[in-house]
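Engineer: Just to be clear, the model below is a prediction. Sequence and coordinates:
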Amino acid sequence: MSKQKNISNIRNIGIMAHIDAGKTTVTERILYYTGKSYKLGEVHDGEAVMDWMQDEQDRGITITSAVTTCEWNQSVIQIIDTPGHVDFTVEVERALRVLDGAIGVFCAVGGVEPQSETVWRQADRYSVPRMAFINKMDRTGADFFAAVDSMVEKLGANPVVIQVPVGAEDRFKGVIDIIDMQQICWDDESLGAEFTVGDIDPEFEELAQEYRERLLEAISEQDDDIMEKYLGEEEISRQDLVKAIRKATIDRTIVPVLCGSALKNKGIQPLLNAIELFLPSPKDVPPIQGIHPDTGEELEFLPEKNGPLAALIFKVSMIEGRKLSFARIYSGKLEAGADVFNPALNRKEKLSRILQMHANKRERVTQASAGDIIGIVGLKDSGTGETLCSQNYPVFLEKMEYEDPVISIAIEPKTHADQEKLDSVLEKFTIEDPTLKVSRDEETGQTILSGMGELHLEIIISRMRKEFKTNVNVGSPQVVYREVVTSPARGEAVFEREITGKAHYAKVGIRLLPLERGEGVTFTSKVTPEQIPEQYVAAIETSIRESLEGGFLKGYPLVDVEIVLEDGGVEEGSASELGFSVCASMACKNALNTAALALLEPIMAVEVFVPDAYMGDAISDLNARGGKVESINPKSGIQVVSAVVPLARMFGYSTAIRSATQGRGTFSMQFSKFDKI
């Protein structure tokens, strides 16, 4: 890691976009021109370096966020290429949590599409500075200026154009650099490695001047020195202009916009220059905040190699059966073979190896320090979202929150050999993916997989078969409901039994009270130590919580309920944890027997993008699905219909909207809330 001696030279960036906007191809070209790859990998040939999973190559989409490192001029660029499909937004969420900057890739034909809006909002939430790259300038229908306008309309962004295209569609040959007022054209023979920098063609001179004026105006609004020189019509040096653009980008008041065609190898070298010039190093972003696990005191960690250790595990992968943890080091350093402390587990773990990542290829290094994104082998129990620190300076960095699954499928192994493999394969998947949940249906003996969408579960099944050679029969998708109590209910039980020669006696009385939507499950004890000794109260709470997980109406988890332990009894010499656990479970069952219960279903927030001509069909289809239209907004020739619809009625919607709009309608959907059926 030769250039990592200086943290100011590190750029930790993500590449994010709607599915099929070309972000993996952009990453491939970056690797090629920085010397990391020696041939160009194409997504459509299944040869992209960053899409290394079999399913990614077969489907031509990115599923997991891949990490790689390359060098350009004076900088070390660590890149995370993230998925664009809504079912895998957890991957984007994890990546944005540990990045300092990002590039939004937009298609010059489609502009800002539904999923690019979702990831843009996620980046807003994590305050990530961004640049934009308008890709696919060679495509029929490419319109750079319309794509820039859509950033204003749909994202509320402040795009500042620093390049304009030379031509478009099949006449696209290069870009005009508005900062240096030069034209850059690529040579098709050299796969884009050769390019010429020269004077601007006369036909583009007026356009370049117009956008130079716009750039100076936009930057003078952000920078007083530039404003003074601009109003006084003084010369503004390149150095001053670049410095002002960099500051405004890092402050997130502007988004510099570049363009090109990654597939045709045009526009990548200036993009690399812009990453180095305008996106922040770890020193340019606010220091990471954490909390002391014992005192609750707020702590701050500066990006310094010799500071106290603070690193966040943002992803865990099981590769060839071995656990590989991805971590971002915010402060201090990690050394191979050393011990680290995990405050969530309250114990030490040993790092056996530290790896610099290049997609699924890895290079061993002896140590890594502040600013690095690395792979770690050897952490047995540490999981996603947990912190690594030193025992004498413990800290919790902010954990990542995940949505609950909304869709389930039942699976069962095809053969006895598959049965033996299934449990270990599922354990690997749940370690990797915190949004995947596994449970067992006691009545049918089937295993239930719950996830974020149809594609999410489809990929899990496909990986199970291809990577792990485990064959399963799969049921059709089912919605994951929740259960609630709608009025207070009381239940009590007495457990009295002799087990292996020892008498067990316990008496428990509880009340279940409904809570507001989204409040979860709470527990309150009102018993005295004479009624139930304190050491058994925790066992009672655990037992009742476990009972509620299985529900009562239809076996779905029971939520938004307060458990009140009101009453109890014990006989001397016969109190035991086992007795109180079983008794609490019986009392809970008795309470649910008398309770008024209701089902909650997942309601999705749906945005449908349809041309004006198909509006009526799209709305009547949503109404037929029990949807409630909340707003309709016109946006450049299309209508954006926002609605809330029960998930149970949305299966097969992508086919329905395509056929209703002759393939021109698209939609995005995400979980909104649970509500009564």
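Structural biologist: Received the coordinates, thanks. Numbers count the residues shown, from 1 in each chain.

Engineer: Quickly run through the sheet partners of the strand of greatest length in the chain, with directions.
Structural biologist: Using DSSP state E, we find that the single longest strand of the chain is strand 597-611. Strand 597-611 sits in its sheet next to strand 482-485 (antiparallel), strand 638-646 (antiparallel), strand 666-676 (antiparallel), going by DSSP bridges.

Engineer: buried ones in the longest one?
Structural biologist: Of the residues in strand 666-676, those buried under the neighbour-count criterion (16 or more other C-beta atoms under 10 Å) are 666-671, 674. No exception for glycine: its C-beta is placed from N, CA and C like everyone else's.

Engineer: Kindly report the same for the second one.
Structural biologist: Taking 16+ other C-beta under 10 Å as the basis for neighbour counts, the residues of strand 638-646 that come out buried are 638-641, 643-646.

Engineer: Can you give the distance from that strand to the centre of its chain?
Structural biologist: In terms of C-alpha atoms, centre = their mean, to the nearest Å, the centre of strand 638-646 is set 23 Å apart from its chain centre.

Engineer: for the first one, same thing?
Structural biologist: Its chain's C-alpha centre lies 29 Å from the corresponding centre of strand 482-485 when counted by C-alpha atoms, centre = their mean.

Engineer: do stretch 639-654 as well
Structural biologist: For stretch 639-654, the distance to the chain centre is 22 Å (C-alpha atoms, centre = their mean).

Engineer: nearest to Leu558, of the buried residues of strand 638-646?
Structural biologist: Nearest to Leu558 out of the buried residues of strand 638-646 is Pro646 (C-beta to C-beta; 19.9 Å).

Engineer: now, which of the buried residues of strand 666-676 sits nearest Lys554?
Structural biologist: Phe674 (14.1 Å).

Engineer: hey, which helix or strand in the chain has the poorest pLDDT?
Structural biologist: helix 54-59 (a mean of 42; mean pLDDT, DSSP states H and E).

Engineer: Tell me which helix or strand comes right after it.
Structural biologist: With elements assigned by DSSP states H and E, the helix or strand that comes after helix 54-59 is strand 66-72.

Engineer: hmm, back to that, okay, among the buried residues of strand 666-676, which ones form the most distant pair?
Structural biologist: Thr666 and Phe674 (26.2 Å).

Engineer: Ala587 reaches Leu512, doesn't it?
Structural biologist: No - counting by C-beta atoms under 8 Å, Ala587 sits too far from Leu512 to count as a contact (10.0 Å).

Engineer: Next, show the common contact partners of those two.
Structural biologist: With contacts taken as C-beta atoms under 8 Å, 6 or more residues apart in numbering, Ala587 and Leu512 have Gly491 as neighbours in common.

Engineer: how about the strands in the stretch 351-500 of the chain?
Structural biologist: Ranges of strands in the stretch 351-500 of the chain, per DSSP state E, counting those that start in this stretch, are 353-358, 361-365, 367-369, 373-377, 387-389, 396-397, 407-413, 437-440, 447-451, 472-474, 478-479, 482-485, 489-499.

Engineer: Show me what the second one packs onto, helices and strands only.
Structural biologist: Here strand 361-365 touches strand 353-358, going by 3 or more C-beta pairs under 8 Å, 6 or more residues apart in numbering; DSSP states H and E.

Engineer: Then the first one?
Structural biologist: The criterion is 3+ C-beta pairs under 8 Å, 6+ apart, and the helices and strands that strand 353-358 contacts are strand 66-72, strand 361-365, strand 367-369, strand 373-377.

Engineer: Between those strands, which one is closest to Val340.
Structural biologist: strand 373-377 (8.9 Å).

Engineer: Can you name every helix or strand that the closest one contacts?
Structural biologist: So strand 373-377, by 3+ C-beta pairs under 8 Å, 6+ apart, packs with strand 66-72, strand 322-331, strand 353-358.

Engineer: let's see 10 Å
Structural biologist: strand 66-72, strand 75-81, strand 310-319, strand 322-331, strand 353-358, strand 361-365, strand 367-369 (3 or more C-beta pairs under 10 Å, 6 or more residues apart in numbering; DSSP states H and E).

Engineer: okay, those strands in TSV with distance to Glu117 next?
Structural biologist: Listed next are the helices and strands packed on strand 373-377 as TSV, based on distance: least, C-beta to C-beta, whole Å:
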stretch	distance to Glu117
strand 66-72	23
strand 75-81	19
strand 310-319	23
strand 322-331	26
strand 353-358	29
strand 361-365	33
strand 367-369	35
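
Engineer: Restricting to C-alpha, output stretch 518-536 in PDB.
Structural biologist: What follows is stretch 518-536, C-alpha atoms only, in PDB (Å, rounded to 0.1, in the frame of the first residue of the first chain):
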ATOM      1  CA  GLY A 518     -44.400   0.200  15.700                       C
ATOM      2  CA  GLU A 519     -43.700   0.100  19.400                       C
ATOM      3  CA  GLY A 520     -42.500  -3.500  19.500                       C
ATOM      4  CA  VAL A 521     -42.700  -5.800  22.500                       C
ATOM      5  CA  THR A 522     -42.000  -4.400  26.000                       C
ATOM      6  CA  PHE A 523     -41.800  -6.200  29.400                       C
ATOM      7  CA  THR A 524     -42.700  -4.800  32.900                       C
ATOM      8  CA  SER A 525     -42.500  -6.800  36.100                       C
ATOM      9  CA  LYS A 526     -44.800  -5.800  39.100                       C
ATOM     10  CA  VAL A 527     -44.100  -8.900  41.300                       C
ATOM     11  CA  THR A 528     -42.200  -8.800  44.600                       C
ATOM     12  CA  PRO A 529     -39.100 -11.000  45.300                       C
ATOM     13  CA  GLU A 530     -41.400 -12.900  47.800                       C
ATOM     14  CA  GLN A 531     -43.800 -13.800  44.900                       C
ATOM     15  CA  ILE A 532     -41.100 -14.700  42.400                       C
ATOM     16  CA  PRO A 533     -37.300 -14.500  43.300                       C
ATOM     17  CA  GLU A 534     -35.500 -11.900  41.000                       C
ATOM     18  CA  GLN A 535     -33.200 -14.500  39.400                       C
ATOM     19  CA  TYR A 536     -36.200 -16.100  37.600                       C
END
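
Engineer: can you tell me the distance between the two ends of stretch 380-391?
Structural biologist: 18 Å (C-alpha to C-alpha, to the nearest Å).

Engineer: distance between it and the chain's centre?
Structural biologist: 19 Å.

Engineer: Look through the protein and tell me its longest helix.
Structural biologist: Across the chain, the longest stretch assigned as helix under DSSP state H is helix 202-222.

Engineer: Met131 bridge partners, please.
Structural biologist: Beta-bridge pairing of Met131 under DSSP bridges involves Ile103.

Engineer: Could you tell me which residues make contact with it?
Structural biologist: 13, 101-105, 159-160, 162, 249, 254-258, 271, 274-275, 277-279 (C-beta atoms under 10 Å, 6 or more residues apart in numbering).

Engineer: One more: Arg490?
Structural biologist: 509-513, 564, 566-567, 587, 590-591, 594-595.
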